[in-house]
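Asks: Can you look at this prediction? I've put the sequence above it.
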Amino acid sequence: MRRPKILVVDDEPMIQKVLERVIEATIPSDITTASSGYQALGLLKREPFDVVITDFSMPGMDGPEFLAIVKDLRPDAVRLIFTGNDGADSALRAVDVAHQYFLKPTAMMTISDRIQRVLKIRDLLPEACSLEQIVSQIETLPSIPAVYHELEVELHNPDVSMEKIGKIVAQDISLSAKVLQLVNSAFFGLREGVSNPAQASTLLGLKVLQALILTTHIFSEWKDKKLPGFSIHDLWDHSLGTAAIAQEIALAEAADTATKEDLYVAALFHDIGKLIVAANLPDSYLRVREICRKDKVSEVEAEIQVMGVSHAEAGAYLLAVWGFSDAVVNGSAFHHHPERHAAGVSPDTVVPLDSVAIVHVADVFEHETRGDVSPTSLKLNAAYLRSAGVVDRIFQWRSVATLGQRASVRRI
């Protein structure tokens with residue numbers, strides 16, 4: 001694990017010192033500070049940084065202007081911005097240049113926690129991995145064309161309904177991910193996290209959504225890339241089905257509302273890495289498909305052969321960079337290999353039931369309901385489930401999976 005390099009940019013020395021001390025206390029790292037965007041750019045031209053943190057309001061060059069240059073100069077850097085003022089106007093200025101947004105000074109520990117989450121997932125990627133740079137550059141992911149156009153039409157409607165807008169957004173994995181990222185940012189000042197895409201759309205409000213889609217064009221539609229074996233509709237159907245099954249399992253476990261919503265989102269986004277690869281690395285995607293066909297290996301094995309990393313880690317890295325919770329990030333990172341999440345745990349220790357176990361099980365069950373029982377398809381990891389103490393509940397979970405599948409059909 002290489003020691004990360006972090007650049008802190010703020011014109012207030014006290015804020016620099018506080019943030020530097022918080023990070024030093026929690027993350028073994030090399031921290032450099034700068035008092036202006038111009039000084040920071042001089043440093044960035046001489047050496048790379050893994051994470052760049054900047055204040056929003058600074059004399060001469062403000063945070064969004066600075067990060068716009070950083071985005072081109074160091075495309076693999078994680079870009080964070082903090083401000084003393086919340087509000088939609090600030091969010092819209094930073095939305096296409098910053099990965100995450102924070103309020104100062106109260107968010108200092110949060111910034112440190114988010115950086116740790118990103119670095120943890122980054123360590124799953126091989127060094128010099130092209131996906132790290134690609135993911136850091138992603139502002140949004142393409143949406144299902146029919147859903148995207150339906151949303152555009154509704155936003156132009158003079159009698160627009162926010163309830164309808166929310167339902168439209170909830171039909172698409174990319175739209176859902178982006179509105180959840182934005183509504184949970186500090187700019188909107190919510191005290192509690194939001195896990196429901198439809199609710200997130202309502203909280204963002206009509207003006208913000210209109211600006212994002214019709215003015216800044218932060219969303220885009222999936223263009224027909226004619227990739228054999230890939231269908232954005234099939235990906236969404238599988239993601240929605242997996243999420244519905246995960247929610248039914250959470251209900252069977254009497255989970256509270258917040259936990260149920262977190263597990264739903266974790267399952268909903270577990271395969272978002274497949275969209276990253278298909279949208280940004282189509283040639284790699286086609287090579288993966290060819291290896292699967294010729295060598296009769298699993299998709300994950302073929303991805304590692306071609307890219308050195310699978311869609312699971314790629315998706316988890318994006319979700320971590322965008323500031324999603326551990327439950328969501330880990331659900332993506334380890335749903336194919338849950339035992340890696342429990343690495344280092346004593347055999348006598350019961351691994352707590354978490355998003356990794358539930359997303360793993362829900363993913364397998366959803367594939368089974370579609371008749372995907374090929375030799376290379378994902379199978380339940382009995383050893384992990386035994387260590388988690390849930391093997392005796394698999395029969396019950398399998399029975400509720402049917403209810404989840406019916407629920408996903410109703411949502412579609």
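Replies: Yes, it's here. These figures come from a predicted structure and were not determined experimentally.
Asks: before we move on, which element is the nearest residue to residue 250 once chain neighbours are set aside in?
Replies: Counting by Cβ to Cβ, 6 or more residues apart in numbering, residue 250 lies nearest to residue 260, which is 4.3 Å off, once chain neighbours are set aside. For glycine as for every other residue, the C-beta is placed from the backbone atoms N, C-alpha and C. Element membership for residue 260, per DSSP states H and E: helix 257-268.
Asks: Other residues contacting that helix?
Replies: Here helix 257-268 makes contact (Cβ atoms under 8 Å, 6 or more residues apart in numbering) with 173, 176, 180, 193, 195-196, 239-240, 242-247, 249-251, 255, 324-325, 327-328, 330-332, 355, 358-359, 362-363.
Asks: Buried residues, that helix. List them.
Replies: Neighbour-count burial for helix 257-268 flags 259-268 (criterion: 16 or more other Cβ atoms under 10 Å).
Asks: Name the nearest of the residues you listed relative to residue 9.
Replies: residue 265 (31.7 Å; Cβ to Cβ).
Asks: ok, now how distant is the residue nearest to residue 250 from residue 322?
Replies: Distance check for residue 260 against residue 322: by Cβ to Cβ, to the nearest Å, it reads 22 Å.
Asks: Give the other helices and strands that the helix or strand encompassing residue 293 contacts.
Replies: Counting by DSSP H and E, the element that carries residue 293 is helix 282-295. Under the contact criterion of 3 or more Cβ pairs under 8 Å, 6 or more residues apart in numbering; DSSP states H and E, helix 282-295 touches helix 272-280, helix 299-307.
Asks: buried set for that helix?
Replies: 284-289, 291-292.
Asks: ditto for stretch 141-155
Replies: 141-144, 147-148, 150-152, 154-155.
Asks: okay, among those, which ones form the most distant pair?
Replies: 141 and 154 (20.3 Å).
Asks: follow-up on the earlier one: and for the helix holding residue 293, what are the contacting residues?
Replies: 225, 227-230, 277-278, 297-299, 302-303, 305-307, 376.
Asks: That one versus helix 299-307: what angle between them?
Replies: Here helix 282-295 runs at 120 degrees with respect to helix 299-307, directions being taken by axes from the mean of the first three to the mean of the last three Cα atoms, to 10 degrees.
Asks: Show me what the longest helix anywhere in the chain is packed against.
Replies: Scanning the chain for the helix with the most residues, using DSSP state H, yields helix 232-252. For helix 232-252, the elements it packs on are helix 173-183, helix 257-268, helix 272-280, helix 355-369, helix 394-411, judged by 3+ Cβ pairs under 8 Å, 6+ apart.
Asks: Could I get the average pLDDT for that helix?
Replies: For helix 232-252, mean pLDDT is 91.
Asks: before we move on, what about stretch 132-150?
Replies: In the prediction, stretch 132-150 has an average pLDDT of 81.
Asks: Can you get me the start-to-end distance on it?
Replies: With Cα to Cα, to the nearest Å as the measure, stretch 132-150 spans 33 Å from end to end.
Asks: got the contact list for it?
Replies: 71, 75-79, 95-96, 99, 122, 125, 168, 171-175, 177-178, 218-223, 232-233, 236, 272, 275-276, 279-281, 314, 317-318, 321.
Asks: Need the buried ones from those selected in PyMOL.
Replies: The following PyMOL line selects those of these that are buried, judged by 16+ other Cβ under 10 Å:
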select buried, resi 71+76+77+78+79+95+96+99+122+125+168+171+172+173+174+175+177+178+219+221+222+232+236+272+275+276+279+280+281+314+317+318+321
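Asks: Could you list the low-confidence segments of the protein?
Replies: In the predicted model of the chain, residues 1, 86-88, 105-106, 128-131, 139, 186-192, 215-218, 224-225, 342-353, 403-412 satisfy pLDDT under 70.
Asks: domain ranges for it?
Replies: 5-123, 145-221, 232-411 (automatic domain parsing).
Asks: Now do the last one: distance to the chain's middle.
Replies: Relative to its chain's centre, domain 232-411 lies at 14 Å (Cα atoms, centre = their mean, to the nearest Å).
Asks: same thing with stretch 85-105?
Replies: 18 Å.
Asks: Would you mind pulling the contact partners of that stretch?
Replies: Counting by Cβ under 8 Å, 6+ apart, residues outside stretch 85-105 touching it are 15, 18, 55-57, 63-64, 67-68, 70-71, 78-84, 110-111, 114, 136, 139, 182, 185-189, 204-205, 207-208, 211-212, 216, 218, 321-323.
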